[in-house]
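Trainee: Would you be able to build a 3D model of this:
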Amino acid sequence: MPEAAPSSAKVFTVTELTASVRRALESSIGQVCVEGEVSNYRMQSSGHQYFTLKDARSQVSCVWFAGRAGGNRAVALAEGMAVQIRGAIAVYESRGQYQINVQSVTAGGAGILQAKFEALKQRLLAEGLFERDRKRPIPSHPLTVALVTSPTGAAVQDMLHVMTRRAPWVRILVYPARVQGDGAGAEVAAGIEFLNRESGISLPVVDVIIAGRGGGSIEDLWAFNEEVLARAIFLSGIPVVSAVGHETDFTIADFVADQRAPTPSAAAEMVTPDGEDIRRHIRLQGERIDALLRGLVRRWTQRVELLEKSALFREPRNRLSQAAQRLDNESDALQRAVQGRLGKWAQRVDSLSASVRSYRPDQVIAMKRQEIGEMAGRLERTTEEGVRNARQSLARIGELLVLLSPEATLQRGYSITLTPQGVAVRAVADVAAGTRLVTRFRDGSLESVVEQVYPAGCEETPVRQDPNVP
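Mentor: Prediction:
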């Protein structure tokens with residue numbers, strides 16, 4: 001059991017304790033001069049600057065208030081910059097933490113991380129890893145998108161939310177990888193290599209890869225500045241979109257990737273089409289196709305109706321009908337003639353039979369039966385030949401009718417002139433000057449207006465004079 005505090009010990013409130021610590025620090029340490037590397041830098045709209053000053057083992061919070069007397073505001077702080085600051089030790093009582101209230105800053109040159117970033121950037125630039133010509137376009141309608149990121153970070157949730165909202169049919173694969181700390185860059189690079197190796201084999205065909213994470217300090221984002229990741233992106237056969245931090249954050253991965261997105265959410269919007277826009281486009285196209293088809297059906301229906309009403313096509317149909325009627329009449333007449341002849345032969349047979357009975361009936365009957373058989377055969381052949389000749393005559397009439405039809409005339413190179421009402425013009429007397437005519441050819445028609453009519457026997461050829469020539 002812990003030993004109980006003496007009853008005479010003073011009991012502090014948190015505020016009193018913090019105030020005592022502040023007085024002790026400020027009185028015992030006071031002004032200090034410290035050097036280190038700037039990290040977690042941020043500028044407030046008020047002009048105050050907040051950052052962490054750190055070295056390899058420790059860090060301390062710093063604040064540089066706007067308008068601080070004697071402050072050298074010509075120094076522009078940046079992430080990773082090595083600086084030497086002069087200020088006073090203070091305690092931020094609301095949080096109970098000590099900090100340095102900066103009075104002046106002296107730049108100490110580029111920070112270690114910034115120097116490493118610039119060196120790697122220049123080397124990869126010289127090797128051609130940043131060339132625009134080698135960058136591949138991002139598919140506008142991908143079916144499978146792979147995310148290489150931390151499975152527990154806010155960035156992956158943001159990307160999943162955006163993509164499922166915009167394009168719920170897109171298949172999303174998540175390759176879990178650390179995005180911060182030692183070895184994180186190699187894990188992201190391994191994810192990109194795995195997706196390239198297994199795409200279309202153990203995995204669906206991957207159309208695009210998004211590699212990224214949310215915002216943070218330069219240290220937090222350093223995995224995306226590692227050379228191993230830059231080369232994995234460069235060698236990827238699948239287009240890669242980098243989505244690291246915020247819009248102001250730039251990494252080596254951004255320069256090598258086929259496309260840079262300012263944030264993970266922006267990357268999700270970049271690689272997925274808007275489903276609502278697609279549905280609206282399909283609906284509009286369907287309406288256009290429906291309207292076009294309805295118009296086409298309406299025009300063809302009107303054309304068929306006009307052709308059915310045209311006198312040019314009514315006349316052949318009437319002639320065929322009349323020919324069919326004549327064939328029926330001829331067939332009836334032939335049948336009556338055959339029956340009449342058979343009746344007459346029957347009467348003659350009866351007459352001969354009566355006279356034969358007074359002679360030798362057996363011989364006469366046998367002879368007459370032979371004659372009757374021969375006559376019946378001739379009569380049957382005559383009847384068949386008459387029907388056959390009638391059918392052949394009807395066929396010739398039909399062929400002649402087709403040959404003399406307007407369409408056949410057009411096909412032989414002639415033309416047919418009609419009035420706008422569809423009546424054929426058969427003589428000069430059928431028209432007058434000013435009459436509008438339609439001339440049909442085998443491949444189309446043209447319209448004309450009669451300027452002057454010349455009756456038969458008039459040998460003078462009309463000459464149109466130019467109205468502009470006196």
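Trainee: make it CA atoms for all contacts and neighbour counts henceforth
Mentor: Noted.
Trainee: Tell me where the stretch 151-300 of the chain has helices.
Mentor: 154-166, 184-198, 227-235, 252-256, 264-271, 275-309 (DSSP state H, counting those that start in this stretch).
Trainee: Over to the stretch 1-150 of the chain?
Mentor: 14-28, 112-127.
Trainee: got the buried residues for the last one?
Mentor: Spelled out, that is helix 112-127. Leu113, Gln114, Phe117, Leu120, Lys121, Leu124 (16 or more other C-alpha atoms under 10 Å).
Trainee: wait, the fourth one sits on Ala230?
Mentor: No - contact status for Leu120 versus Ala230: not in contact, 9.9 Å apart, counting by C-alpha atoms under 8 Å.
Trainee: Verify the contact between Ala186 and Arg231 for me.
Mentor: No - counting by C-alpha under 8 Å, Ala186 stays clear of Arg231, with 10.6 Å between them.
Trainee: out of these two, which sits in the more crowded spot?
Mentor: Between Ala186 and Arg231, Ala186 has the larger neighbour count (other C-alpha atoms under 10 Å), namely 21 against 15.
Trainee: Tell me the secondary structure of the residue nearest to Val438 when sequence neighbours are not counted, please.
Mentor: Using C-alpha to C-alpha, 6 or more residues apart in numbering and skipping residues adjacent in sequence, the residue nearest Val438 is Glu447, 4.5 Å away. Here Glu447 is recorded as strand under DSSP: H, G, I helix; E, B strand; the rest coil.
Trainee: What's the per-residue pLDDT of Glu447 here?
Mentor: Looking at Glu447, its pLDDT reads 86.
Trainee: Show me what stretch 243-262 is in contact with.
Mentor: 117, 121, 129-130, 135-138, 210-216, 221-222, 224-226, 229-230, 233-234, 239-242, 263-264, 266-267, 270 (C-alpha atoms under 8 Å, 6 or more residues apart in numbering).
Trainee: hang on, I meant stretch 11-24
Mentor: Ala90, Val91, Glu93, Gly96, Tyr98.
Trainee: circling back: among the helices of the stretch 1-150 of the chain, which is nearest Ile192?
Mentor: Closest approach to Ile192 among these (C-alpha to C-alpha): helix 112-127, 18.9 Å.
Trainee: So for that closest one, mean pLDDT?
Mentor: The pLDDT scores in helix 112-127 average 82.
Trainee: Just want the angle from that helix to helix 227-235.
Mentor: 30 degrees (axes from the mean of the first three to the mean of the last three C-alpha atoms, to 10 degrees).
Trainee: Outside of helix 112-127 itself, list whatever touches it.
Mentor: Taking C-alpha under 8 Å, 6+ apart as the rule, helix 112-127 contacts Glu79, Gly80, Met81, Ala82, Phe130, Glu131, Ile218, Asn225, Glu227, Ile252.
Trainee: quick revisit: okay, the helices of the stretch 151-300 of the chain, which one's buried deepest?
Mentor: Most buried of those, by mean neighbour count (mean count of other C-alpha atoms under 10 Å): helix 252-256, with a mean of 25.
Trainee: Show me the domain layout of the protein.
Mentor: Following automatic domain parsing, one finds the domains of the chain at 14-109, 115-273, 311-404, 413-449.
Trainee: between those, which gets nearest to Arg279?
Mentor: Arg279 lies closest, by C-alpha to C-alpha, to one member of the domains of the chain: domain 115-273, at 10.8 Å.
Trainee: Now do the closest one: distance to the chain's middle.
Mentor: Centre-to-centre, domain 115-273 and its host chain are 26 Å apart (C-alpha atoms, centre = their mean, to the nearest Å).
Trainee: rewinding a little: and of the buried residues of helix 112-127, the nearest to Glu407?
Mentor: Glu407 lies nearest to Leu124 out of the buried residues of helix 112-127, by C-alpha to C-alpha, at 79.5 Å.
Trainee: State the distance from the closest one to Ala230.
Mentor: 9 Å (C-alpha to C-alpha, to the nearest Å).
Trainee: ditto for Gly216
Mentor: Relative to Ala230, and taking C-alpha to C-alpha, Gly216 is found at 20 Å.
Trainee: again, but for Ala119
Mentor: Distance, Ala119 to Ala230, by C-alpha to C-alpha: 14 Å.
Trainee: Give the buried residues for stretch 77-95.
Mentor: Of the residues in stretch 77-95, 77-91, 93 count as buried by neighbour count, 16+ other C-alpha under 10 Å.
Trainee: Residues touching that stretch, excluding its own?
Mentor: Outside of stretch 77-95, the residues within contact range by C-alpha under 8 Å, 6+ apart are 15, 18-19, 21-22, 25-26, 29-41, 97-114, 217-218.
Trainee: Would you mind writing the ChimeraX command to select the buried ones in the residues you listed?
Mentor: Typed into ChimeraX, the next command selects the buried ones out of the contacts of stretch 77-95 (criterion: 16+ other C-alpha under 10 Å):
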select :18,19,21,22,25,31,35,36,37,38,39,40,41,98,99,100,101,102,103,104,105,106,110,111,113,114,217,218
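Trainee: just checking, what's the longest strand in this protein?
Mentor: Longest strand in the chain by number of residues (criterion: DSSP state E): strand 31-43.
Trainee: So which elements touch it?
Mentor: Here strand 31-43 touches strand 49-54, strand 82-92, going by 3 or more C-alpha pairs under 8 Å, 6 or more residues apart in numbering; DSSP states H and E.
Trainee: any chance of the ones you listed in TSV, plus distance to Arg279 and mean pLDDT?
Mentor: Putting the helices and strands packed on strand 31-43 into TSV (distance: least, C-alpha to C-alpha, whole Å; pLDDT from 0 to 100) gives the following:
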stretch	distance to Arg279	mean pLDDT
strand 49-54	48	90
strand 82-92	54	84
